[in-house]
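K.L.:
below: sequence and its predicted model.
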Amino acid sequence: MIWCVEDDASIRDIELYALRSAGLEAEGFTDGAAFWQALQSEKPDLVVLDVMLPGIDGTELLGRMRASTSLRRIPVIMATAKGAEYDKIQALDLGADYYLTKPFGVMELVSCVKAVLRRCARPSHVLHLSGLSLDQDARTVSCDGQRVPLTYKEYELLRLLLSHPGMAFTRDQLMAQVWGTDYCGETRTVDMHIRTLRQKLGPYGSLIQTVRNVGYRLEEQE
């Protein structure tokens, strides 16, 4: 999904039409406030962001994204009528992936978007389910973008369940894979960690479901 943040309706409509005609999903936003609010619940694959916006301008929005752990990796193409070298340098220094100066052609926009998507494509090391995310590189867990501190075993337990959504694990399997085959503790250790993990995950703790007479699985509820 490509998000286009542009207050000029005619330009925004052209951008959306060009991207959709190229087979890309696209959605438009009229101002920075609506865009920022949408980011709190959904993450696009790329953002085409105008600098001159009412309220929160594009430069501030870019700075906020790059300062956010959950948003910093989203590719951003800055699009603006400003053509001064200083503006380009400022946007690129803030972390923009590309800079388009208006007026630009629709084919230039589409080519630019596809090129940035290819360049920024990387194997995903972040596991997601609903509003729950686990970054395997940073070893962090977040719920709706808010960091959740976990112990080492809680993290490993969640990582295993999140890596296999819908799969039921017995307590013995969880003991073997998280605590190791040499661990001599009782399987109720798993139950204790599941209980504290559910508590720490707040509303997303219910994603960890008890499978009667078996163990546990992590699955998004209907």
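P.N.:
Everything's here; your move. As the structure is a computational prediction, the values presented were derived from the model and not from experiment. Numbers count the residues shown, from 1 in each chain.
K.L.:
chain neighbours aside, what residue packs nearest to residue 191?
P.N.:
With sequence-adjacent residues excluded and distances taken as C-beta to C-beta, 6 or more residues apart in numbering, residue 191 is closest to residue 171, at 7.4 Å. From N, CA and C alone the C-beta is placed, and that goes for glycine too.
K.L.:
give me the helices and strands touching the helix or strand of the chain with the lowest mean pLDDT, please.
P.N.:
Every helix and strand in the chain was compared by mean pLDDT, DSSP states H and E; the lowest is helix 85-94, with a mean of 73. With contacts defined as 3 or more C-beta pairs under 8 Å, 6 or more residues apart in numbering; DSSP states H and E, helix 85-94 has these neighbours: helix 58-67, strand 98-101.
K.L.:
picking that back up, next, count neighbours for the residue nearest to residue 191.
P.N.:
Residues lying near residue 171 (other C-beta atoms under 10 Å) number 17.
K.L.:
so it touches residue 194, yeah?
P.N.:
No: proximity of residue 171 to residue 194 does not meet the contact threshold set by C-beta atoms under 8 Å, at 9.3 Å.
K.L.:
on that earlier part again, any chance of the helices and strands packed on helix 85-94 in CSV, with mean neighbour count, mean pLDDT and distance to residue 215 too?
P.N.:
Below are these laid out as CSV (neighbours: other C-beta atoms under 10 Å; pLDDT from 0 to 100; distance: least, C-beta to C-beta, whole Å):
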stretch, mean neighbour count, mean pLDDT, distance to residue 215
helix 58-67, 18, 90, 39
strand 98-101, 18, 86, 48
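K.L.:
for those, which one sits closest to residue 42?
P.N.:
Closest to residue 42 of those, according to C-beta to C-beta: helix 58-67, at 13.6 Å.
K.L.:
please enumerate residues in contact with that closest one?
P.N.:
5, 32, 35-36, 39, 47, 49-53, 71-72, 74, 76, 78, 80, 90-91, 94-96 (C-beta atoms under 8 Å, 6 or more residues apart in numbering).
K.L.:
ok, 10 Å please
P.N.:
Defining contact as C-beta atoms under 10 Å, 6 or more residues apart in numbering, one finds that helix 58-67 is touched by 5-6, 32-33, 35-36, 39, 47-53, 55-56, 71-74, 76, 78-80, 87, 90-91, 94-96.
K.L.:
these in strands, which ones?
P.N.:
Within those, residues falling in strands by DSSP state E are 5, 47-50, 76, 78-80.
K.L.:
which single one of those residues is nearest to residue 131?
P.N.:
Closest to residue 131, out of all of the ones in strands among the contacts of helix 58-67 and judged by C-beta to C-beta, is residue 47, at 19.9 Å.
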